[in-house]
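Undergrad: build the 3D model from these lines:
(one chain, ligands or ions: 1)
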Amino acid sequence: MNQSKDNAARRALYESIRPHHMTPLWEVLHALVPKSPTTACVPALWRYREVKPFLMQSGELITAEEAVRRVLILENPGLPGQSAITQSLYAGLQLILPGEVAPSHRHVQSALRFVIDGKGAYTTVEGERTTMHPGDFIITPSWRWHDHGNEGVDGVTEPVVWLDGLDIPTVRFFDAGFAENDDVSKSQTVRHPEGSSYARYGANMAPVRRVNTGLTSPIFSYPYSRTREALHALERNSEIDAWHGIKMKYINPTTGGWAMPTIGTCMQLLPKGFRGKPHRSTEGTVYCVTEGRGSARIGDQTFQFEPQDVFVVPSWASLSLSSEEGAVLFSYSDRPIHEALGILREEFAD
Ligand code: GTQ
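TA: Have a look, this model is predicted:
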């Protein structure tokens, strides 16, 4: 048989198996098992200075209560319409104005809040409230009731914006999503004084009689004041990693593992004059600039960042971070899933 007849016969076979919902592997094998990751996710940066006006505009057009969550989703330009910043993770900027309430609900998806602008909002998780300050990292574990509000702090009330990070695309991938609204109260009754969880688990201590706290860290708010102090002490006293500067992961004190089962969260300090070497990893990572300016070289693109900006590093894209003045970066990724599945790969270049 000559080549073209051969191909015609093959096409005919593909046509006849199509109604049987079958397809030949040999036509797609190379794409199914690529030599290296071939993600549609692309590097991107959202300049807070540029997008804040849109967020404030949304504040005039819809209330937090009507919206349920007043959020502008950060969509990866390579994944349009998917509400995803990487294949596995979601990001959004949530605004809550003084006096507003984002009503109580719960869902299987886990959420993190990273506070970027303003203070005095709160989130209540299962009856414990925490007040938000810039740089705080706050967790809403899977299937826990949560509502948000903004009553101000120290007599100051101002709009508050935080970065929402959720495992929405991951839960969607597994078709495991459930959710419900709290029909009893839109704002939960506070049943535990503020700081209870932190007192119990945040002082390098834990109750001697072990309570089952589930897969997520029982510290639900990691205050920036503590994180910052630790990073600056390490900057003075310890070795600087040539790729990461000083990069610390937030841990679940009951296990020593990641604070959340599906999302890995870190805070990283780039010392003054830092020029990081390139590295890459299969995890897709979202960065949020806490303090300082600098640049992120991602693949062959360079992004200049400043405080409150968000940028995304796709799987297997090489990243090098630099900062003349020094910077602090929060980040979250799907690394815990890669580790649990044994599929994490990393490379550190010279
Ligand atoms: O605050 O519960 O950005 O349920 C997306 C979904 C925030 C939230 C989001 C949510 C929330």
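Undergrad: specify the beta-bridge partners of the residue of the stretch 101-250 of the chain found nearest the ligand.
TA: Proximity to the ligand, evaluated over the stretch 101-250 of the chain using Cβ to the nearest ligand atom, is greatest for residue 164 at 3.4 Å. C-beta here means a position set from N, CA and C on the backbone, and glycine is covered the same way. Following DSSP bridges, residue 164 is listed with bridge partners residue 92, residue 113.
Undergrad: burial count for residue 190?
TA: 12 (other Cβ atoms under 10 Å).
Undergrad: is it fair to say it lies in a helix?
TA: No - under DSSP: H, G, I helix; E, B strand; the rest coil, residue 190 sits outside any helix and is assigned coil.
Undergrad: I figured it hits residue 130, correct?
TA: No - at 10.5 Å, residue 190 does not count as touching residue 130 under the criterion of Cβ atoms under 8 Å.
Undergrad: which neighbours do those two share?
TA: residue 124 (Cβ atoms under 8 Å, 6 or more residues apart in numbering).
Undergrad: what's the pLDDT at the residue most central in space within the chain?
TA: Computing the C-alpha centroid of the chain and ranking residues by Cα atoms, centre = their mean puts residue 165 first, at 3.5 Å. At residue 165, the predicted lDDT confidence score is 98.
Undergrad: what does residue 175 give?
TA: So residue 175 comes in at 98 (pLDDT).
Undergrad: excluding chain neighbours, what is closest to residue 273?
TA: Leaving aside its chain neighbours, residue 273 sits nearest to residue 324 (6.2 Å; criterion: Cβ to Cβ, 6 or more residues apart in numbering).
Undergrad: confidence score at the one you found?
TA: 98.
Undergrad: show me what contacts it?
TA: Contacts of residue 324 by Cβ under 8 Å, 6+ apart are 272, 273, 293, 294.
Undergrad: let me have those residues in a markdown table, adding distance to residue 42, secondary structure and neighbour count as columns.
TA: A markdown table is the format used below for the contacts of residue 324 (distance: Cβ to Cβ, whole Å; DSSP: H, G, I helix; E, B strand; the rest coil; neighbours: other Cβ atoms under 10 Å):
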| residue | distance to residue 42 | secondary structure | neighbour count |
| --- | --- | --- | --- |
| 272 | 31 | coil | 11 |
| 273 | 30 | coil | 10 |
| 293 | 23 | coil | 15 |
| 294 | 21 | strand | 21 |
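Undergrad: ok, and of those, which contact the ligand?
TA: Filtering those for proximity to the ligand (criterion: Cβ under 6 Å from any ligand atom) leaves nothing.
Undergrad: need the max-distance pair from those residues.
TA: Using Cβ to Cβ, the pair of the contacts of residue 324 lying farthest apart is 273 and 293, separated by 12.7 Å.
Undergrad: and for the two, which residues touch both?
TA: Counting by Cβ under 8 Å, 6+ apart, the contacts common to residue 273 and residue 293 are 323, 324.
Undergrad: turn the contacts of residue 324 into JSON lines, columns for distance to residue 87 and pLDDT.
TA: Output for the contacts of residue 324, formatted as JSON lines (distance: Cβ to Cβ, whole Å; pLDDT from 0 to 100):
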{"residue": "272", "distance to residue 87": "35", "pLDDT": "98"}
{"residue": "273", "distance to residue 87": "35", "pLDDT": "98"}
{"residue": "293", "distance to residue 87": "29", "pLDDT": "98"}
{"residue": "294", "distance to residue 87": "26", "pLDDT": "98"}
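Undergrad: got the residues of this protein near the ligand?
TA: Checking the chain against the ligand by Cβ under 6 Å from any ligand atom, the hits are 69, 71, 92, 94, 107, 111, 146, 164, 166.
Undergrad: what subset of these is buried?
TA: Among the residues of the chain next to the ligand, those classed as buried by 16 or more other Cβ atoms under 10 Å are 71, 92, 94, 107, 111, 146, 164, 166.
Undergrad: wait, the fifth one touches residue 139, no?
TA: Yes - here residue 111 lies in contact with residue 139, judged by Cβ under 8 Å, at a distance of 7.4 Å.
Undergrad: any regions of this structure where pLDDT drops low?
TA: For the chain, the stretches with pLDDT under 70 are 1-2, 5.
Undergrad: so which residues of it form helices?
TA: Counting by DSSP state H, the chain has helices at residues 3-17, 29-32, 48-61, 64-67, 168-173, 196-201, 224-237, 335-341.
Undergrad: JSON lines for these, including mean neighbour count and distance to residue 102?
TA: Shown next, in JSON lines, are these (neighbours: other Cβ atoms under 10 Å; distance: least, Cβ to Cβ, whole Å):
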{"stretch": "helix 3-17", "mean neighbour count": "10", "distance to residue 102": "50"}
{"stretch": "helix 29-32", "mean neighbour count": "9", "distance to residue 102": "41"}
{"stretch": "helix 48-61", "mean neighbour count": "13", "distance to residue 102": "13"}
{"stretch": "helix 64-67", "mean neighbour count": "15", "distance to residue 102": "5"}
{"stretch": "helix 168-173", "mean neighbour count": "19", "distance to residue 102": "17"}
{"stretch": "helix 196-201", "mean neighbour count": "17", "distance to residue 102": "21"}
{"stretch": "helix 224-237", "mean neighbour count": "14", "distance to residue 102": "22"}
{"stretch": "helix 335-341", "mean neighbour count": "17", "distance to residue 102": "27"}
